[in-house]
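>>> Starting from these lines, generate the structure:
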Amino acid sequence: MVFSMSLLFLWEAWQKEQRPPVAVVSTTATATAGDATAGQGSAGIPTPGQVLTAAQAPGVPVGVPVVSSNASTVPAVARDSANRADRIGSDDISGEKITIKTDLLLAEIDTAGGDLRHLALLAHPDREDKNKPFTLLQSDPNRKHIVQTGLIGEGLPNHNARFKADPQVIGKVQELQAGSDKIEIRLTATDTAGVKVAKVYTFHRGSYLIDVSFEVTNLATKQNGAAIQPFSYFQMLRDGQAPVGAMFMIPTYTGAAVFTEQDKYQKIEFSALEKGKATYPKNSDNGWIAMVQQYFIAAWLPQDKTPREYYAKQVSKDLYSVGVIAPLGTPGNGIAPGATARITMPLYTGPQDQAKLAALAPGLDLTVDYGWLTVIGAPLFWLLSWFHALVGNWGVSIILLTVVIKLMFFPLSAASYRSMANMRKVTPKLTRLREQFGDDRQKMHTAMMELYKTEKINPMGGCLPIVVQIPVFISLYWVLLASVELRYAPFMLWIQDLSSPDPYYVLPVIMGLTMIIQTRLNPTPPDPIQAKVMQIMPIAFSIFFFFFPAGLVLYWLVNNILSIAQQWHITRGVEAATAVAVAATHKKR
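Next up, the predicted model:
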């Protein structure tokens, strides 16, 4: 079963390898009224749905107040959609850069759109170059993963608008100073009518959270103005490619995810967005939405018990956006003339540290993907972390966890190995039956069943205990694969990264040798073809494990060594008991 799964992983990875990455093309295209996209190079401006708008300020226009007596009363968002084809998305232009450095993050904001276009995690090395920090957000010709925010409505700045900042922060690194807990970057919109808009980024010491805020002031007067109901949107735009450094043999999930208390955790796969078959909760007053990849996550975390609308769409070929829309102002009244409203949306951009994620938002720790066996994987990771707290080495923790699992299944394994030992005992008789009946399979099968009955052997006795253990083995496989704690975690000697393959292939070779020893302890199959397959298996597995993370190979190696010891002990006991029985029989004669 493990060999078959490995073949499936290899086939899927090979298929992905045959599809060349599609470069992101920055062009503009004509958009029709009500369309959520604004061209191939832009994620477009989302439109709030009827449920969200009806719950806010009925009758209050979206955007700037209408002053003229003969002005159209059509909601400004519709007029905005009709004219979007004339805009140039912020993906196609470049503004002034603002660089921010905290103790954990190195970020870059572009005044074109006020987008967060680059973000590196200083505490996590890059997969290809350990001397560089890992880049989570980036905007390159062939790689795109950026954060875009804006307001919805005529005259309101979206991510296609120009912003300006204090000249003192342009082109300079704004570094978190000693004694300060945060850095605040304030951008102001330049082309607005009837409103004053500021976008504020707040970076915190010791945190991967970034607060993104909008401050909107309705400049209309009470005499000739009216209330407005702006909507803000916060989205992430990224390509569908696997992260740089992803392992060829081991596909992991890259895509969107959403969580609400009602519908729980759901993945939004890029392939489903392409086919228009993605289903997910849209309107809620709780939850979050995120872009997920192996080890890391970027997630919007709206304040609980506040109305919001989640959305996800394909923007262009190999380009997708997910985000959340939230209203500003007082529900039912919007922003009155002369009043100011503020909304803050926390953005988490960092590693999938389960304990920290669980403390940030309910269900956020579920982005650490243990597959359909999470109910088993979560306790295994807890035990693995507990061992690490004791010994301080993830490699040693894997060894201890493997020992515990082996002890838990000791009785089942003993039954399996005892059955194999009994089968090994009758192997010579099975060989003689095969020689006796030749190609008459029916007679040979009948004779074999009689032999099993006489010797009181169940040929399937060695299979059931192994089948019972398979879910645990698969769960541990995903625990070791998905845990960011193992990324660049050293073990000993040449193993300095348990999440990467053994650089010298020592562990896979030793593991192959242990499989050969196991094969020798098992009964020889009477079928010559099956016997040859069993001889090839250790070599095939060793080759597969050349590409597996060292942590997984270490687990399998330790498990094999413990299995060999247990199987040898049981086999020796069965053979000794058989020898005693034979000696007693001869003595009676």
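
>>> Might you list the low-confidence residue ranges for the stretch 151-300 of the chain?
Counting by pLDDT under 70, the low-confidence segments of the stretch 151-300 of the chain come to 245-250.

>>> hey, where'd the strands end up in it?
163-165, 173-175, 182-189, 195-204, 209-218, 231-239, 255-260, 264-268, 283-284, 288-293, 296-300 (DSSP state E, counting those that start in this stretch).

>>> any chance of those in CSV, plus distance to residue 436?
Any C-beta I mention is one placed from the backbone N, CA and C, and that applies to glycine too. What follows is the strands of the stretch 151-300 of the chain, written out as CSV (distance: least, C-beta to C-beta, whole Å):
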stretch, distance to residue 436
strand 163-165, 88
strand 173-175, 84
strand 182-189, 85
strand 195-204, 80
strand 209-218, 75
strand 231-239, 65
strand 255-260, 59
strand 264-268, 57
strand 283-284, 72
strand 288-293, 60
strand 296-300, 63
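
>>> could you dump these to JSON lines with distance to residue 379 and mean neighbour count?
Compiled in JSON lines, the strands of the stretch 151-300 of the chain are given as follows (distance: least, C-beta to C-beta, whole Å; neighbours: other C-beta atoms under 10 Å):
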{"stretch": "strand 163-165", "distance to residue 379": "48", "mean neighbour count": "20"}
{"stretch": "strand 173-175", "distance to residue 379": "42", "mean neighbour count": "15"}
{"stretch": "strand 182-189", "distance to residue 379": "37", "mean neighbour count": "18"}
{"stretch": "strand 195-204", "distance to residue 379": "32", "mean neighbour count": "20"}
{"stretch": "strand 209-218", "distance to residue 379": "28", "mean neighbour count": "20"}
{"stretch": "strand 231-239", "distance to residue 379": "32", "mean neighbour count": "25"}
{"stretch": "strand 255-260", "distance to residue 379": "21", "mean neighbour count": "24"}
{"stretch": "strand 264-268", "distance to residue 379": "18", "mean neighbour count": "17"}
{"stretch": "strand 283-284", "distance to residue 379": "30", "mean neighbour count": "18"}
{"stretch": "strand 288-293", "distance to residue 379": "22", "mean neighbour count": "24"}
{"stretch": "strand 296-300", "distance to residue 379": "22", "mean neighbour count": "24"}
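
>>> Quick check: phi and psi on residue 47?
Backbone torsions of residue 47, given as degrees, to the nearest 10, read phi -120, psi 130.

>>> Surely it touches residue 153?
No - applying C-beta atoms under 8 Å, one finds residue 47 not in contact with residue 153, separated by 10.6 Å.

>>> Which of those two has more residues huddled nearby?
Neighbour totals were compared for residue 47 and residue 153, and residue 153 leads with 26 against 23 (other C-beta atoms under 10 Å).

>>> quick one: that one and residue 218 touch, right?
No - checked against C-beta under 8 Å, the pair residue 153 and residue 218 is beyond contact range at 11.7 Å.

>>> what does stretch 543-557 rub up against?
Outside stretch 543-557, the residues that touch it by C-beta atoms under 8 Å, 6 or more residues apart in numbering are 6, 10, 247-250, 394-395, 398-399, 401-402, 476-477, 480-481, 486, 489, 491, 495, 497-502, 505, 507-508, 510-512, 514.

>>> so of those, which ones are in strands?
Among those, no member is found in strands (DSSP state E).

>>> Out of these, which end up buried?
6, 10, 247, 249-250, 394-395, 398-399, 401-402, 476-477, 480-481, 486, 489, 491, 495, 497-502, 505, 507-508, 510-512, 514 (16 or more other C-beta atoms under 10 Å).

>>> still on that earlier bit, which residues do residue 153 and residue 218 both contact?
residue 228.

>>> Select the helix or strand of the protein having the lowest average pLDDT value.
Ranked by mean pLDDT, DSSP states H and E, the weakest helix or strand in the chain is helix 76-82, scoring a mean of 35.

>>> Packing partners of the helix or strand following that one?
For helix 76-82, the following helix or strand on the C-terminal side (DSSP states H and E) is strand 97-101. Strand 97-101 is packed against strand 105-110, strand 173-175, strand 182-189, with contacts defined by 3 or more C-beta pairs under 8 Å, 6 or more residues apart in numbering; DSSP states H and E.

>>> let's go with 6 Å and repeat that
strand 105-110, strand 173-175 (3 or more C-beta pairs under 6 Å, 6 or more residues apart in numbering; DSSP states H and E).

>>> Pipe the ones you listed into TSV and attach distance to residue 226 per row.
As requested, the helices and strands packed on strand 97-101 are exported to TSV (distance: least, C-beta to C-beta, whole Å):
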stretch	distance to residue 226
strand 105-110	33
strand 173-175	39
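
>>> Among the ones you listed, which comes closest to residue 519?
With C-beta to C-beta as the measure, strand 105-110 is the member of the helices and strands packed on strand 97-101 nearest residue 519 (51.2 Å).

>>> And the contacts of stretch 265-281?
By C-beta atoms under 6 Å, 6 or more residues apart in numbering, the residues outside stretch 265-281 that reach it are 240, 255-260, 263, 312, 314, 320, 363, 366.
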